[in-house]
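# sequence first, then the predicted structure:
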Amino acid sequence: MKKIGFSHGTIHKITDKYFDSSIDIFKKIENDVIEVCLHDAEEVDKLQNISKKVKDFSYKSIHLPTQNIRYKNDQLTKDLLDKVEKFYHEIDANLVLVHPDLVEDWEVFDKYKLNWAIENMDKEKEKYKTAEELADFFRMKPNWKLVLDLNHCYTNDKTMKLAGEMIGQFKNRIAEVHLSGHTDLHDPLFLTKQNFILDYCNKLDVPIVIESVFDKIEDVKKEYDYITDYLK
């Protein structure tokens, strides 16, 4: 059975994702995958609120902040990464993910012996959207992994041929999948019924992190059941 779980940021409209009880929303579904999603750098100081319960999951990844930040070889970036590194080891995480379009100096990551990954970007970004651009990056950083975001593939190419191309070229490098539907941004698949996006999950045997954003708590389980039933 595929390992399927959630980004803990999917419930940000419903509750504070750093409440200890918020992690229980995902634990009750009995999935064993979680991605801790930092929205901005200030949230790094809230990680201790959820570390104990996050540690119980068998697969754990960390998504670095995406708002109000540029990753440089400076003290601000190092202070953030120092705290992330501590949390990484505390929860025995499997992966740390960064949006490549936010990085100005890749050398800042080199001192941290973590399992690093980038993800392919959506249509709004200038780079890191195509297989060719990703291949250029991996020539520079051959030890880094890829998180394949199927929603981002869809925004760039409604035929999803791009997803197939990335799987074909980077299958041995893909460590995780990001999954959600798309009408506006990251929408639940049980509503969009975009099963052609789900089909690409069957081409990989890696943990799947659901990034659909929910308006109601009960929709978390609806999304999990819809996806797992389809991928049986």
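Noted; the coordinates are in hand. Residues are numbered from 1 along each chain as shown.

# grab the nearest non-local neighbour of the most centrally placed residue in the chain.
Closest to where the C-alpha atoms of the chain average out (CA atoms, centre = their mean) is His178, at 5.4 Å. Distances taken as CB to CB, 6 or more residues apart in numbering place Asp149 nearest to His178, at 4.0 Å, with adjacent residues excluded. Every residue, glycine included, has its C-beta placed from N, CA and C.

# and that neighbour, what pLDDT?
Among the per-residue scores, Asp149 holds a pLDDT of 98.

# what do you get for Glu30?
82.

# and it, how far from Met1?
Applying CB to CB, to the nearest Å, one obtains 12 Å for the distance of Glu30 from Met1.

# repeat that for Cys201.
For Cys201 relative to Met1 (CB to CB), the value is 12 Å.

# can you give me the neighbour number for the closest residue to Tyr200 other than its chain neighbours?
Nearest residue to Tyr200, sequence neighbours excluded (CB to CB, 6+ apart): Ala163, at 4.8 Å. Close neighbours of Ala163, defined as other CB atoms under 10 Å, add up to 24.

# the residue lying closest to Val54 once chain neighbours are set aside: how many residues sit nearby?
For Val54, ignoring the flanking residues on the chain, the nearest one in space by CB to CB, 6+ apart is Ile91 at 5.2 Å. Number of residues near Ile91 (other CB under 10 Å) recorded here: 21.

# what does Asp215 give?
Count around Asp215 with other CB under 10 Å applied: 10.

# a strand runs through it, doesn't it?
No: counting by DSSP: H, G, I helix; E, B strand; the rest coil, Asp215 falls outside a strand, being coil.

# for the closest residue to it other than its chain neighbours, what are its contacts?
Closest residue to Asp215 apart from its sequence neighbours, by CB to CB, 6+ apart: Lys13 at 5.7 Å. By CB atoms under 8 Å, 6 or more residues apart in numbering, the contact set of Lys13 is Val213, Phe214, Asp215.

# ok, so of those, who is nearest Leu134?
Lowest distance from Leu134 to those (CB to CB) belongs to Val213, with 25.4 Å.

# and the pLDDT at the closest residue in space to that closest one that isn't next to it in sequence?
Nearest non-adjacent residue to Val213, counting by CB to CB, 6+ apart: His186, 5.0 Å away. Predicted confidence (pLDDT) for His186: 95.

# so His186 makes contact with Ser180?
Yes: using CB atoms under 8 Å, His186 is in contact with Ser180, at 4.1 Å.

# so which of these two has more stuff around it?
Legend: neighbour count by other CB under 10 Å for His186 and Ser180, higher for Ser180 (26 against 22).

# show me where this protein has strands.
4-7, 33-37, 59-63, 95-98, 116-119, 145-149, 174-179, 208-210 (DSSP state E).

# let's have the ones you listed in CSV, adding distance to Ala135.
Formatted as CSV, the strands of the chain follow (distance: least, CB to CB, whole Å):
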stretch, distance to Ala135
strand 4-7, 26
strand 33-37, 25
strand 59-63, 23
strand 95-98, 18
strand 116-119, 12
strand 145-149, 11
strand 174-179, 13
strand 208-210, 23
